[in-house]
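Asks: Structure for the following, please:
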Amino acid sequence: MQPEKLFDLSRLKHTKSLFWLAVICVVVAIALIPLWILDSRELLGVSVWEKPIKFYISVAIFSFTYSWLSSFLTRGDRWVKLTGFVIAVSLAVENVLILAMASIGETSHFNVSTPTAIAIWSIMATFISIVLFSTIFISLMILFQKQQEFNLKLALALGSINTAVGMGLAYLMTWPTATQLANYQGIAGAHAVGVSDGGPGLPFLGWSTVAGDLRVGHFFGLHSIQVAAILLAISLLLPFAFRSPLIVVGNITWLGFVGLVTWQSLRAEPFASPSETTLVGYAVLLSVAALSFALLVVTQNRSSKKK
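Replies: Now for the predicted structure:
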């Protein structure tokens, strides 16, 4: 497959429900920007509209990507489109609730302060779990389909599985912290590790600059499928012996990176200020990746010569 065919824009429309959800999310995100600028209300130290904007952007990227990905599934089209519809409805519900809570100046995630807040948080947790299991289902469909180029199937399957892992990392945020258990204030769960949510953070992303933040691993994990697509595109430009090694090692290394930044966060360490231990972890990961890539290339070359 040629790179231009891989990124044919018509593929974005393959699953209509996901495509139109993505379009709507882009429109809403743009429409919220004036409110973000003009409305002075804040929640946890940032504009009440910042979180909805981030979620609408994230859902747009996710939906466009999975509509594109679904175009490469050669079998089970009805199941793929049904799964896409389920994902689209679930993400739409999630975003509407986030926007509604932001509009009244209330936090949506981890909020168990009132029966209404508990119901909204429970609905959100249910629908995002549906998205997770649907993503796993699509990943398995990609992995086990027969009539598709091996490297393409491998890249998309690994990327989608890694995305599901990244999505699952969000559950680490739902556990009440020791402080919350000791002094209940209607919140059960947190992004930050070592400090309360709402402290100093990176611009727009909001990741804590003074402690660990579980959103880091979640973010990079969610974008695994985009990384896989980039690796696939690069592999098409390389000699044959380099293609599968790049796809396999690249995706596994990315998953290792997601694990490392999550481990870093769990140790209450800011992503932007890695300790010596974390830097050693990066060095080991890159060394193993380089060695694995070299070995796989050599093995691939030998296999090609035997044929």
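
Asks: residue ranges for the helices of the stretch 201-307 of the chain, please.
Replies: For the stretch 201-307 of the chain, helices defined by DSSP state H, counting those that start in this stretch occupy the ranges 215-222, 224-235, 240-266, 276-306.

Asks: for these, which one ends up most surrounded?
Replies: Among the helices of the stretch 201-307 of the chain, helix 215-222 has the highest mean neighbour count (mean count of other CB atoms under 10 Å), at a mean of 23. For the C-beta atoms, the positions are set from N, CA and C on the backbone; glycine is no exception.

Asks: Serialize the helices of the stretch 201-307 of the chain to JSON lines and add fields for distance to K153 and mean pLDDT.
Replies: Shown next, in JSON lines, are the helices of the stretch 201-307 of the chain (distance: least, CB to CB, whole Å; pLDDT from 0 to 100):
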{"stretch": "helix 215-222", "distance to K153": "21", "mean pLDDT": "97"}
{"stretch": "helix 224-235", "distance to K153": "10", "mean pLDDT": "96"}
{"stretch": "helix 240-266", "distance to K153": "10", "mean pLDDT": "97"}
{"stretch": "helix 276-306", "distance to K153": "17", "mean pLDDT": "92"}
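
Asks: Could you take the ones you listed and lay them out as CSV, with extra columns for distance to A29?
Replies: Below are the helices of the stretch 201-307 of the chain laid out as CSV (distance: least, CB to CB, whole Å):
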stretch, distance to A29
helix 215-222, 16
helix 224-235, 18
helix 240-266, 25
helix 276-306, 33
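
Asks: what's the distance between V280 and L260?
Replies: Distance, V280 to L260, by CB to CB, to the nearest Å: 10 Å.

Asks: one step back: V23: which of the helices of the stretch 201-307 of the chain is closest?
Replies: helix 224-235 (18.3 Å; CB to CB).

Asks: Report all helices and strands that the closest one contacts.
Replies: With contacts taken as 3 or more CB pairs under 8 Å, 6 or more residues apart in numbering; DSSP states H and E, helix 224-235 sits against helix 3-6, helix 50-70, helix 150-168, helix 240-266.

Asks: Which strands and helices lie in contact with the second one?
Replies: I take that to be helix 50-70. helix 16-38, helix 77-103, helix 115-144, helix 224-235.

Asks: now those helices as TSV including distance to A290?
Replies: Shown next, in TSV, are the helices and strands packed on helix 50-70 (distance: least, CB to CB, whole Å):
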stretch	distance to A290
helix 16-38	36
helix 77-103	36
helix 115-144	26
helix 224-235	15
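
Asks: Deepest in the core, which of those helices is it.
Replies: Counting by mean count of other CB under 10 Å, the most buried of the helices and strands packed on helix 50-70 turns out to be helix 224-235, with a mean of 20.

Asks: Give me the residues contacting that helix.
Replies: 3, 6-7, 61, 65-66, 68-69, 151-152, 155-156, 158-160, 162-163, 165-166, 242-244, 246-247, 250-251, 254-255, 258 (CB atoms under 8 Å, 6 or more residues apart in numbering).

Asks: Any idea how far stretch 292-307 is from the middle of the chain?
Replies: Distance of stretch 292-307 from the chain centroid (CA atoms, centre = their mean, to the nearest Å) equals 32 Å.

Asks: Take that stretch, keep the C-alpha atoms, and write them as PDB.
Replies: Taking Å, rounded to 0.1, in the frame of the first residue of the first chain, the C-alpha atoms of stretch 292-307 are listed here in PDB:
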ATOM      1  CA  SER A 292      15.400  -5.500  19.400                       C
ATOM      2  CA  PHE A 293      15.000  -3.500  16.200                       C
ATOM      3  CA  ALA A 294      18.500  -4.500  15.000                       C
ATOM      4  CA  LEU A 295      18.000  -8.200  15.800                       C
ATOM      5  CA  LEU A 296      14.600  -8.300  14.000                       C
ATOM      6  CA  VAL A 297      16.000  -6.600  10.900                       C
ATOM      7  CA  VAL A 298      18.800  -9.200  10.800                       C
ATOM      8  CA  THR A 299      16.300 -12.000  11.300                       C
ATOM      9  CA  GLN A 300      14.100 -10.600   8.600                       C
ATOM     10  CA  ASN A 301      17.000 -10.300   6.100                       C
ATOM     11  CA  ARG A 302      18.000 -13.900   6.700                       C
ATOM     12  CA  SER A 303      14.500 -15.100   6.200                       C
ATOM     13  CA  SER A 304      14.200 -13.200   2.900                       C
ATOM     14  CA  LYS A 305      17.500 -14.600   1.600                       C
ATOM     15  CA  LYS A 306      16.400 -18.200   2.400                       C
ATOM     16  CA  LYS A 307      13.200 -17.600   0.300                       C
END
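
Asks: Good, wrapping up.
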